[in-house]
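Enquirer: sequence unknown, structure follows:
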Ligand code: AMP
């Protein structure tokens, strides 16, 4: 497996693979890799011939008071994990390589990026769509692999690909969880022991929502949402960002338990922001 740091080297490697008739799979990440990321690499490896993993902590998707500076960057360990997962190429550009002096173009998807994390992290999705658009142009993959863990990010990027006629397929992979149900995240390493022990209650609360919701098709969402909110508020040390039940495609809130929905939560345990979601399907 090779590690490249410039766009020119990346393009050369991808071009060589293409000349050999290989299809290209792409897994964009910010590094600090865990089993969730590696599941995407393995899925990419199963569906395409040449798998590129990008590792880039993207400054434009962090707000001024967020964790850009302290975001973990264990590059050697990440490269080892990519080797073990049979990736073919790791692309680890510098901030200057991605955003040279004078860079002044941003990509923005409206609507689907407005609510949920969009309203709690102003400018976040603009940063995500900008960097992913650039990465897509650099790698030119046939398929790109993303995690359901970031459900709104998936919906926003799907819309960007559709609206901009981009010639690639998005593959959304299931959320990988720790044995106790906590969704794997690079940010879990910030949790204290007490916070880590409390964190599985997030998934338990989401599951409790689903268990009740599927028994009541066609009913109003509010009492079930309140039940979920109540359970989450019981978690010691929690501060809520949001709890929403939204349409799986548009990310707009739904009133009635019907169709394909995402139940999404964002909260803080101490100073660590965690998100999680589940899909709930209730046939109409
Ligand atoms: P990140 O490094 O956090 O930007 O994540 C890179 C990719 O990995 C995104 O597509 C995420 O949705 C995905 N991902 C992160 N955590 C998980 C997880 N626990 N399960 C599945 N995919 C994940």
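Expert: Thanks, I have it. No experiment lies behind these values; they were computed from the predicted model shown.
Enquirer: could you use CA atoms for every contact and neighbour count after this?
Expert: Will do.
Enquirer: spell out which parts of this structure neighbour the ligand.
Expert: Residues of the chain lying close to the ligand (Cα under 6 Å from any ligand atom) are 28-31, 36-37, 146-150, 174-177, 183-185.
Enquirer: where do the strands sit along the stretch 151-284 of the chain?
Expert: Taking DSSP state E, counting those that start in this stretch as the criterion, the stretch 151-284 of the chain carries its strands at 169-173, 238-247, 259-269, 272-282.
Enquirer: got these as TSV, with mean pLDDT and mean neighbour count columns?
Expert: Formatted as TSV, these follow (pLDDT from 0 to 100; neighbours: other Cα atoms under 10 Å):
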stretch	mean pLDDT	mean neighbour count
strand 169-173	98	17
strand 238-247	96	19
strand 259-269	97	20
strand 272-282	97	20
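Enquirer: distance to residue 206 added to the ones you listed, as TSV?
Expert: Formatted as TSV, the strands of the stretch 151-284 of the chain follow (distance: least, Cα to Cα, whole Å):
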stretch	distance to residue 206
strand 169-173	19
strand 238-247	10
strand 259-269	7
strand 272-282	7
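Enquirer: just to revisit the earlier point, could you flag which of the residues of the chain next to the ligand are buried?
Expert: 28-31, 36-37, 146-150, 175-177, 183-185 (16 or more other Cα atoms under 10 Å).
Enquirer: and the helices in the stretch 1-150 of the chain, which stretches?
Expert: Counting by DSSP state H, counting those that start in this stretch, the stretch 1-150 of the chain has helices at residues 7-19, 35-47, 75-84, 95-98, 116-120, 124-139.
Enquirer: where among the ones you listed is average confidence lowest?
Expert: With a mean of 94, helix 116-120 has the lowest mean pLDDT of those.
Enquirer: and the contacts of it?
Expert: For helix 116-120, the external contacting residues (Cα atoms under 8 Å, 6 or more residues apart in numbering) are 124-125, 152, 241-242, 244, 264, 266.
Enquirer: show me which of the residues you listed is closest to residue 140.
Expert: Compare each of the contacts of helix 116-120 with residue 140 using Cα to Cα and the shortest gap goes to residue 125, at 20.9 Å.
Enquirer: would you confirm that the closest one contacts residue 61?
Expert: Yes - counting by Cα atoms under 8 Å, residue 125 touches residue 61, with 6.6 Å between them.
Enquirer: so for the two, which residue has more residues nearby?
Expert: residue 125 (27 against 20; other Cα atoms under 10 Å).
Enquirer: distance check, residue 173 against residue 46.
Expert: Noted for residue 173: a distance of 13 Å to residue 46, by Cα to Cα, to the nearest Å.
Enquirer: bridge partners for the residue nearest to residue 214 when sequence neighbours are not counted, pull those for me.
Expert: In space, and not counting its chain neighbours, residue 214 is closest to residue 282: 6.4 Å by Cα to Cα, 6 or more residues apart in numbering. Following DSSP bridges, residue 282 is listed with bridge partners residue 259.
Enquirer: for residue 282, give its distance to residue 252.
Expert: For residue 282 relative to residue 252 (Cα to Cα), the value is 17 Å.
Enquirer: follow-up on the earlier one: which residues touch the residue nearest to residue 214?
Expert: Neighbour list for residue 282: 214, 217, 257-260 [criterion: Cα under 8 Å, 6+ apart].
Enquirer: can you report how many residues neighbour residue 252?
Expert: For residue 252, the neighbour count with other Cα under 10 Å is 19.
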